[in-house]
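In: I'd like to go over a predicted model; first the sequence, then the structure.
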Amino acid sequence: MIARVLAWIAKFKKGPAAKLPLVPAIVAVASALLASAAVNNLTFLANANQFIADGETAAFTPPEAQDPDIVIVAITEDTLAQFAYRAPVDRQFLADLLIVLAGKAPRAIGIDLLFDQPTEPAKDDALKRVLASLKLPVFIAYTQADNVVSPDQKAYLDSFVPAEKRALVTLAEDQFDVARWIYPGETTRDGRYVMGLSRALAEAAGVKTRPEQVPILWHGRPNETDPAFREFPAHAVKVLPMDWFKDKIVLIGSDITLVDRHRTPFMTVFSGGEGMLPGVTIQAHALAQLLHSRSAPIASWQADLAIGLALGGLGAVLGLAPWPIAARVGAGLVLVLITWAGGAALFYQGGPLVGLVTPSLSLALSFFAMEAVSGSEARAQREFIKGVFSHHVAPEVVKQIINDPAKMTSLEGERRTMTFLFTDVADFTTMSENIESKEVARVLNAYLEGMTDIVQKHGGMVDKFIGDSVFAIFNAPIDLPDHAKAAVKCALEMDRFSFRFSQEQNARGIPFGRTRMGIHTGTAVVGISVRACATTTRHQATP
């Protein structure tokens, strides 16, 4: 029986297991492809991936020096406190501000304020005259969105802003109203193509741009206290040095709480003014990107897929590792954490912003796929071992074999000392010839069942039945300390059982003979076959 069991296990290991080097590779590739497709096509996974990327952007955007080419002139609360009304911004003040700025020789001016309604006629006229008289490039906020301006406001905006000075201040936002992309521009209802404000200013500075919507490269703050771009309050410009504005691109806009504030990726970490940025500041981020011909460091889907393949391979290896499931799951979580930490560190050092959901999902898919494959094989092996050994050894021994097959004797054959127990019923052949065959079967089954229970009770294995004879082995298929002593105790209990059994059968008129037993301890080769090789000790138990 040992020979058959071990031969089957040897065949089992040379079957599916031989293909395992190829199976993990296939599973890793399939998992990476599936993970990439899921992240790019399933909304909830795409949103999760974007949220994590936003968190990295907020927490790990590398610090940069303030852009030397861009200056923000902000309408602040202190600025508005000087006027009789808050909105619209005093037009005379703006006219005077533009005259002062023009005297400081900037390269271009962008105005992120909508002139979509009249104020005081004299002040409106003053601002219109200044806008028309400026010689340097000036671009003024413009929109035709129905949810922003009514038809009357649109008509006034058209009359106030010269066509050649219009620039769209539309922000390209996602479904959660998070500003993400540079708005390139669009053809307005009068047939004119109007650029976005950042593109128009970049073109005015001599930088050619493409009419395409691209992700914003968020400019890192130089430190925890300074903003990403130099910003001065509008009411202080007249007293500031000319060098602070000369040859710069000046953006004029509001920096007021709850006014023209927009969600950005920084919202994932920062609240308030650090996460909700003024529209003019978002325009500054886009302008800086265009001026310096930079692109957002977002890794391509091919790069994410490559990382997913690597993590998928590691997940497949973990799925096959001979460790407890808790240890393998823990190792997988550590690998995911290392990947995330490495991705954040790479981004902080100026590298690409890699997607983290795709490789994490790839690792999980490949891990559980290989766990399922190896688990089905392991379950088949356990069921086979249980089905075969449960008839020959105690349940506790079967459990040990299932939990740790390494405890079994070697498949290649192992020389070890074992104890063998043999039994034989005297005159069994004569008895079987004198009673009905059904009665022989009943008596023999009851006898062998009782003998088997005793062998299993003492940690032995019933290797085979030869008619009425029992052949049991101690110290195989797993180690049994004091196996010779266990065999002797087993023989003594079998002697008591067989004596009682013989008396019971004799009382029923069945001449069941006495059981004779022998015990032999010696060295044998156990594995594919079992063969006694040498005798070292001999014990004899006589009923």
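Out: Okay, I see it.
In: Excluding chain neighbours, what is closest to the spatially most central residue of the chain?
Out: In the chain, the centroid-proximal residue (CA atoms, centre = their mean) is Ser360; its distance is 2.1 Å. Leaving aside its sequence neighbours, Ser360 sits nearest to Val336 (CB to CB, 6 or more residues apart in numbering; 5.0 Å). All C-beta spots, glycine's among them, are computed from the backbone N, C-alpha and C.
In: Likewise for Ala364?
Out: Per CB to CB, 6+ apart, closest to Ala364 is Gly315, 6.7 Å.
In: Hmm, Leu363 and the one you found touching each other?
Out: Yes: with contacts defined as CB atoms under 8 Å, Gly315 counts as touching Leu363 at a distance of 3.8 Å.
In: what about Leu287, neighbour count?
Out: 29 (other CB atoms under 10 Å).
In: Figure out the helix or strand that it lives in.
Out: helix 279-291 (DSSP states H and E).
In: tally of neighbours for the residue nearest to Ala364?
Out: By other CB under 10 Å, neighbour count at Gly315 equals 33.
In: Also Ala341?
Out: 10.
In: that's a strand at Gln505, yeah?
Out: No: counting by DSSP: H, G, I helix; E, B strand; the rest coil, one finds Gln505 to be helix, located in no strand.
In: if you skip the residues just before and after it, what's nearest to it?
Out: Nearest non-adjacent residue to Gln505 (CB to CB, 6+ apart): Phe512, at 3.7 Å.
In: and the gap between the one you found and Phe499?
Out: Distance, Phe512 to Phe499, by CB to CB, to the nearest Å: 11 Å.
In: same check, this time on Phe229
Out: On the measure of CB to CB, Phe229 and Phe499 end up 102 Å apart.
In: For those two, indicate the residue with more neighbours.
Out: Phe229 (20 against 13).
In: Give me the neighbour count for Pro241.
Out: Look at Pro241: counted by other CB under 10 Å, it has 8 neighbours.
In: Kindly report the same for Leu131.
Out: By other CB under 10 Å, neighbour count at Leu131 equals 20.
In: Then the one 3 residues further on?
Out: Leu134: 15 surrounding residues under other CB under 10 Å.
In: what about the helix holding Leu287, distance to the chain center?
Out: Chain-centre distance of helix 279-291: 34 Å, with CA atoms, centre = their mean, to the nearest Å.
In: From the contact counts, what lies against it?
Out: Contacts defined by 3 or more CB pairs under 8 Å, 6 or more residues apart in numbering; DSSP states H and E place helix 279-291 against strand 70-75, strand 108-112, helix 197-204, strand 249-254, strand 261-263.
In: Just checking: what are the partner strands of the first one?
Out: Yep, that's strand 70-75 we're talking about. Strands that pair with strand 70-75, judged by DSSP bridges, come out as strand 230-233 (parallel), strand 249-254 (parallel).
In: what's the answer for the second one, then?
Out: According to DSSP bridges, the neighbouring strands of strand 108-112, each with its direction, are strand 138-142 (parallel), strand 249-254 (parallel).
In: Tell me what angle that strand forms with helix 197-204.
Out: 170 degrees (axes from the mean of the first three to the mean of the last three CA atoms, to 10 degrees).
In: neighbours of the closest residue to Thr57 other than its chain neighbours, just the number please.
Out: Excluding the flanking residues, the one nearest Thr57 by CB to CB, 6+ apart is Pro265, at 4.3 Å. Neighbour count of Pro265, defined by other CB under 10 Å: 22.
In: what do you get for Leu337?
Out: 11.
In: repeat for Gln153
Out: Considering only other CB under 10 Å, Gln153 is surrounded by 15 other residues.
In: Excluding chain neighbours, what is closest to it?
Out: Using CB to CB, 6+ apart, the closest residue to Gln153 is Asp116 (4.0 Å).
In: and the one you found, that one's in a strand?
Out: No: according to three-state DSSP, Asp116 belongs to no strand; its state is coil.
In: So it sits against Gln144, correct?
Out: No: Asp116 lies out of contact with Gln144 (CB under 8 Å); the separation is 10.8 Å.
In: Quick check: neighbours shared by these two?
Out: Shared contacts of Asp116 and Gln144 (CB atoms under 8 Å, 6 or more residues apart in numbering): Lys154.
In: out of those two, which sits in the more crowded spot?
Out: Asp116 (21 against 17).
In: And that one, what's its pLDDT?
Out: For Asp116, the pLDDT comes out at 96.
In: ok, it - contacts?
Out: 149, 153-154, 156-157, 160.
In: one more time with 7 Å, if that's ok
Out: 149, 153, 156-157 (CB atoms under 7 Å, 6 or more residues apart in numbering).
In: roughly how far apart are it and Asp158?
Out: Counting by CB to CB, the gap from Asp116 to Asp158 is 10 Å.
In: what does Tyr142 give?
Out: For Tyr142 relative to Asp158 (CB to CB), the value is 9 Å.
In: what does Pro511 give?
Out: From Pro511 to Asp158 the distance is 123 Å (CB to CB).
In: Neighbour count: those two, which is higher?
Out: For Pro511 versus Asp158, neighbours defined as other CB under 10 Å are more numerous around Asp158 (18 against 13).
In: Show me the shaky parts of the chain.
Out: Scanning the chain for pLDDT under 70 picks out the ranges 1-21, 375-413, 527-543.
In: run the last query once more with 80
Out: 1-21, 271-273, 373-414, 477, 526-543 (pLDDT under 80).
In: Is Gln50 in a helix, a strand, or coil?
Out: What three-state DSSP gives for Gln50 is helix.
In: Need the three-state assignment for Met195.
Out: Met195 ends up strand, using three-state DSSP.
In: bridging residues for it?
Out: Bridge pairing for Met195 - DSSP bridges - gives Gly185.
In: how many other residues sit next to it?
Out: 21.
In: which residues sit in contact with it?
Out: So Met195 contacts 167-168, 185, 203 (CB under 7 Å, 6+ apart).
In: By neighbour count, which of the residues you listed wins?
Out: Most surrounded of those: other CB under 10 Å gives Ala167, at 27 neighbours.
In: For the strand or helix carrying it, name the packing helices and strands.
Out: Element membership for Ala167 (DSSP H and E) is strand 166-168. Strand 166-168 sits against strand 138-142, strand 193-195, helix 197-204, with contacts defined as 3 or more CB pairs under 7 Å, 6 or more residues apart in numbering; DSSP states H and E.
In: Residues contacting that strand, please?
Out: 110, 139-143, 183, 185-186, 194-197, 200.
In: Weed out the non-buried ones from these.
Out: 110, 139-143, 183, 185, 194-197, 200 (16 or more other CB atoms under 10 Å).
In: thinking again about what came up before, for the strands paired with strand 70-75, which one ends up most surrounded?
Out: strand 249-254 (a mean of 25; mean count of other CB atoms under 10 Å).
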